[in-house]
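Colleague: Need the 3D shape of this:
(chains A and B)
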Amino acid sequence: MSMNNKGGSPAPTATNAAATAGASGAPGPAGRPTATPAPAAAPKASLSANIAKFRELGLLAFIVILAIGVQLRNPSFLTWENLNDIATNTAILSILAVGMMLVIITRGIDLSIGATLALAGMSAALTVKEYPGLSPLVAVLLGVGIGIVCGAVLGFLVAKINILPIIATLGMMNVFRGLTYELSGGKWVSAHQMPDSFKAIATGKVLGLNNLIVIAVVIYIVAYYFVNHTRTGRQIYAVGSNPDSAEVSGIKSGRILWLVYTIMGGLAGLAGVLWVAKFASAQGDTASGYELSVIAACVLGGVSIAGGSGKISGIILGSVLLGILNNALPMINVSPFWQNFIQGMIILIAVLINAVVKRGIDRNNLMRRRI
Amino acid sequence: MKKFMALGMTAVLSMSLLAGCGGNNNNEASGSDAKPSSSAASGSTGAKQKFAIIFKNTGNPYGEKEMEGFKKAIEESGDEAILKAPDQPTAEAQIQMIEELISQKVDSIAVVGNDPDALQPALKKAMNAGIKVLSLDSAVNADSRMVHINQADPERIGRTLIQGVSEMIGGEGEIAILSATSQATNQNTWIEWMKKELEDSKYANVKLVKVAYGDDLRDKSVSETEALLKSYPNLKGIIAPTTVGIAAAGKVLTDKGLKGKVMLTGLGLPSEMAEYIESGVSPWMYLWNPIDVGYLAGYAAEALVDGTITGAIGEKFTAGTLGEKEIIADGDGTQVMLGDPFKFDSSNIAEWKSVY
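Modeller: Predicted coordinates for the structure are as follows:
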């Protein structure tokens, strides 16, 4: 509820500011009746507010500029095949980003998802290795199930025992990773041990689009509806933006926390099966350190680590930006040393913009209150 | 509330205890082959000599095979093998194991080093205690060992890979290399030798267009392979001298239907590559045989302990089924070469894919 207010605030601010700017700035240029000065002056007066409103647009613009730049250096960048590759390679990252966004909104963090992913992926791979006739759907459900259990355990530690999320997930990360090694006996499950039906999960197509892309889009639609149009979804924001008032207003924040970690676990489990099917190989160290990419995608997408804010559209763009970087940097012949540097710089710049914009919004809100 | 807190704390504590147990179990498991035998030996008069091997870390199928080969060689000579590997691939963990082995008074330690220099003090201490020390696979520096067992000759690997890819593409066309990280010592040495082989005039029409680095990560290796295919549409062959890279490239070529158009070879695990060798995406690839690496190390250790060799250049010993091997120079130190890399193709992959 508090978020409704917060999310809606930039719009009135912008119009307010535009109105005042128009009124005070009018005497300058002539031709008041035509009302042209107002739109001209408006962006100047409320630039930060406008950025806040269209922050995703800014990120989008950045992506477009980057894409054009890469295209100029390598003409095979903006081809249907390459765009399809980017989307397919980004699908798993973006699925995980949905769950991570929910966790971060509640002021938490989940470092265990790489390990959960590996555990679920390894379990699914071992299962289809033993029973090649099994429907791939069962493998997916198994992976999701394992992920949910992992997430529920984490949720319990965070919500009921009040362990700091970073500690709880760091600990469980090692537990899950250890279980993965134990389960596989340190061995890899290779392409020839997986039935074709299982590998087809990641190579099959619906309406010309790779299954992974379709799955990611469905998850986005469901998540969008969930966080914007359901009571529970809104409560997640409430718990994150102000835990005390959320508690006072009758929200069972423990239950919400438990829920977000469970969702995160389920998505990580799903991602695990998709990962293993996509690369046709399950290792003990699958996706080791991948959680950091996911967190980076969220931060790029404007999800605030301090909690309380984050949008689905933002994390889609954040994931896409990371996906483009992963795809484009090898294509424009950047030396491997610079690749990491450039990625890091872009993440830093995005975070800086986020901080500046946030300050802008706060100042605007303050000004509005004074007026 | 307090009660609940106490309950919570107890839960956490017991969990950490359990976690600790888990870790220990893991550790035991890695040395399980050794523990019962070594304790038995300390009880007996100790007629059997004890040969230890320390691998990089547990849970590595490649390492298991190497230790298996070592054990086989030692048992063929009627002695006892102690197989050890730390949970994490760190030098610190290996140093601790070396200290333990020194106090157990083993006769020989063979180590797959996690660091070329960091193990020096511990290994020197072992040698001063009369223990014969050798390294295999991943070398420690010349001062910390008596001899090194090299899995395969870097020169032979580099040259063989170029010869292989040249044969696949019919002696002309663009080729690219998909390596591990840009800092990987092994890969960089092999790539140097590949470039030297390419200088030969018979490769005048073979052009190396790029060395890409997949960092041994699945997703990055896939992205790098895709980028190679798009940036160089005339690419005819890819050499991936790394297990993760070659499998990722095989998957990309399979998914994009480029079988027969872009040839793949390199160094890979037979189990990982079986799918792509059987389908023809990669006509053949190479790797040394880890069982043979361990086996050769086992016989070298035996020869060191019974005094047949001291680790000096020119000395010879018989390594079981591998025949006679000679010690040659390796920088400041000495080494024994296993030989040419082993070729895996459609005729033998079925037999090897279940091995490792």
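Colleague: Give the burial count for the closest residue to A:Ile346 other than its chain neighbours, as a bare number.
Modeller: With CB to CB, 6 or more residues apart in numbering or on different chains as the criterion, A:Ile346 has its nearest non-adjacent residue at 6.7 Å, and that residue is A:Leu325. C-beta here means a position set from N, CA and C on the backbone, and glycine is covered the same way. Look at A:Leu325: counted by other CB atoms under 10 Å in any protein chain shown, it has 22 neighbours.
Colleague: got a list of what A:Leu325 touches?
Modeller: The contact partners of A:Leu325, by CB atoms under 8 Å, 6 or more residues apart in numbering or on different chains, come to A:Leu66, A:Ile342, A:Gln343, A:Ile346.
Colleague: List only buried entries from these.
Modeller: Neighbour-count burial (16 or more other CB atoms under 10 Å in any protein chain shown) applied to these gives A:Gln343, A:Ile346.
Colleague: between the contacts of A:Leu325, which is closest to chain B?
Modeller: A:Gln343 (11.5 Å; CB to the nearest CB).
Colleague: confidence score at B:Asp340?
Modeller: In this prediction, B:Asp340 carries a pLDDT score of 79.
Colleague: From the structure, what's the count of residues near A:Pro75?
Modeller: A:Pro75: 11 neighbours (other CB under 10 Å).
Colleague: Oops, could you answer that again for A:Ile65 instead?
Modeller: The burial count for A:Ile65: 10, using other CB under 10 Å.
Colleague: which element is it on?
Modeller: helix A:55-73 (DSSP states H and E).
Colleague: do A:Leu270 as well
Modeller: Going by DSSP H and E, A:Leu270 is in helix A:253-279.
Colleague: Could I get the buried residue list for that helix?
Modeller: Here helix A:253-279 shows A:253-254, A:256-279 as buried, counting by 16+ other CB under 10 Å.
Colleague: hang on, A:Ile86 packs against A:Met331?
Modeller: No: contact status for A:Ile86 versus A:Met331: not in contact, 10.6 Å apart, counting by CB atoms under 8 Å.
Colleague: that older thread, restrict the buried residues of helix A:253-279 to contacts with chain B.
Modeller: A:Trp275, A:Phe279 (CB under 8 Å from any CB of the partner chain).
Colleague: Please give me every residue in contact with the closest residue to chain A within the stretch 51-200 of chain B.
Modeller: Nearest to chain A, among the residues of the stretch 51-200 of chain B, is B:Gly59, at 2.8 Å (CB to the nearest CB). B:Gly59 sits next to A:Tyr181, A:Ser184, A:Gly185, A:Gly186, A:Gly284 when contact means CB under 8 Å, 6+ apart.
Colleague: Can you name the residues that contact the closest residue to it other than its chain neighbours?
Modeller: Using CB to CB, 6+ apart and skipping the chain neighbours, the partner closest in space to B:Gly59 is A:Gly186 (2.8 Å). Counting by CB under 8 Å, 6+ apart, A:Gly186 touches A:Gly284, B:Thr58, B:Gly59, B:Asn60, B:Pro61, B:Glu64.
Colleague: and which of the contacts of A:Leu325 is nearest B:Leu198?
Modeller: A:Ile342 (30.5 Å; CB to CB).
Colleague: all helices of the stretch 201-350 of chain B, in order?
Modeller: B:218-231, B:243-255, B:270-279, B:290-306, B:349-352 (DSSP state H, counting those that start in this stretch).
Colleague: Any chance of JSON lines for the ones you listed, columns mean pLDDT?
Modeller: Output for the helices of the stretch 201-350 of chain B, formatted as JSON lines (pLDDT from 0 to 100):
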{"stretch": "helix B:218-231", "mean pLDDT": "92"}
{"stretch": "helix B:243-255", "mean pLDDT": "92"}
{"stretch": "helix B:270-279", "mean pLDDT": "90"}
{"stretch": "helix B:290-306", "mean pLDDT": "91"}
{"stretch": "helix B:349-352", "mean pLDDT": "82"}
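Colleague: Show me what the strand or helix carrying B:Gln187 is packed against.
Modeller: Per DSSP H and E: B:Gln187 is located in helix B:185-198. Applying 3 or more CB pairs under 8 Å, 6 or more residues apart in numbering or on different chains; DSSP states H and E, we find helix B:185-198 packed against helix B:154-168, strand B:173-179, strand B:206-213.
Colleague: Of all those, which one is nearest A:Arg231?
Modeller: strand B:206-213 (49.0 Å).
Colleague: where's that closest one relative to the chain centroid, distance-wise?
Modeller: 25 Å (CA atoms, centre = their mean, to the nearest Å).
Colleague: Please apply the same query to stretch B:187-203.
Modeller: Counting by CA atoms, centre = their mean, stretch B:187-203 is centred 22 Å from the centre of its parent chain.
Colleague: now do stretch A:304-313
Modeller: 9 Å.
Colleague: buried set for that stretch?
Modeller: Buried-residue list, stretch A:304-313, by 16+ other CB under 10 Å: A:Ser304, A:Gly307, A:Gly308, A:Ser309, A:Gly310, A:Lys311, A:Ile312, A:Ser313.
Colleague: and those, which of them are in helices?
Modeller: Judged by DSSP state H, the subset of the buried residues of stretch A:304-313 located in helices is A:Ile312, A:Ser313.
Colleague: Can you lay out the buried residues of stretch A:304-313 as TSV showing pLDDT?
Modeller: Below are the buried residues of stretch A:304-313 laid out as TSV (pLDDT from 0 to 100):
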residue	pLDDT
A:Ser304	85
A:Gly307	86
A:Gly308	86
A:Ser309	86
A:Gly310	88
A:Lys311	89
A:Ile312	92
A:Ser313	90
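Colleague: now, which of the buried residues of stretch A:304-313 lie close to chain B?
Modeller: Okay, of those, nothing touches chain B (CB under 8 Å from any CB).
Colleague: Pull up the residues of the stretch 1-150 of chain A that are close to chain B.
Modeller: A:Asn74, A:Ser76, A:Phe77, A:Thr79, A:Glu81, A:Asn82, A:Asp85, A:Asn89.
Colleague: Could you rerun that using 6 Å?
Modeller: With CB under 6 Å from any CB of the partner chain as the criterion, the stretch 1-150 of chain A comes near chain B at residues A:Ser76, A:Asn82, A:Asp85.
Colleague: and residue 74, what pLDDT?
Modeller: I went with chain A, as the question did not name one. 87.
Colleague: Wait, chain B was what I had in mind.
Modeller: pLDDT, B:Ile74: 93.
Colleague: mind giving me JSON lines with the helices of the stretch 201-350 of chain B and columns for mean neighbour count?
Modeller: Shown next, in JSON lines, are those (neighbours: other CB atoms under 10 Å in any protein chain shown):
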{"stretch": "helix B:218-231", "mean neighbour count": "24"}
{"stretch": "helix B:243-255", "mean neighbour count": "26"}
{"stretch": "helix B:270-279", "mean neighbour count": "24"}
{"stretch": "helix B:290-306", "mean neighbour count": "25"}
{"stretch": "helix B:349-352", "mean neighbour count": "16"}
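Colleague: Which stretch among those approaches B:Gly69 most closely?
Modeller: So among these, helix B:290-306 is nearest, using CB to CB, at 2.9 Å.
Colleague: SS state for the residue of chain A found nearest chain B?
Modeller: Closest approach of chain A to chain B (CB to the nearest CB) occurs at A:Gly186, with a separation of 2.8 Å. For A:Gly186, the assignment made with DSSP: H, G, I helix; E, B strand; the rest coil gives coil.
Colleague: Contacts for the helix holding A:Ile65, please.
Modeller: Residues outside helix A:55-73 that contact it (CB atoms under 6 Å, 6 or more residues apart in numbering or on different chains): A:Phe77, A:Leu78, A:Gly302, A:Ser313, A:Gly314, A:Leu317, A:Leu321, A:Ala328, A:Ile332.
Colleague: Which of those fall within helices?
Modeller: Per DSSP H, the contacts of helix A:55-73 map to helices at A:Ser313, A:Gly314, A:Leu317, A:Leu321, A:Ala328.
Colleague: The first one: what's it in contact with?
Modeller: Taking CB under 6 Å, 6+ apart as the contact definition, A:Ser313 lies against A:Glu56.
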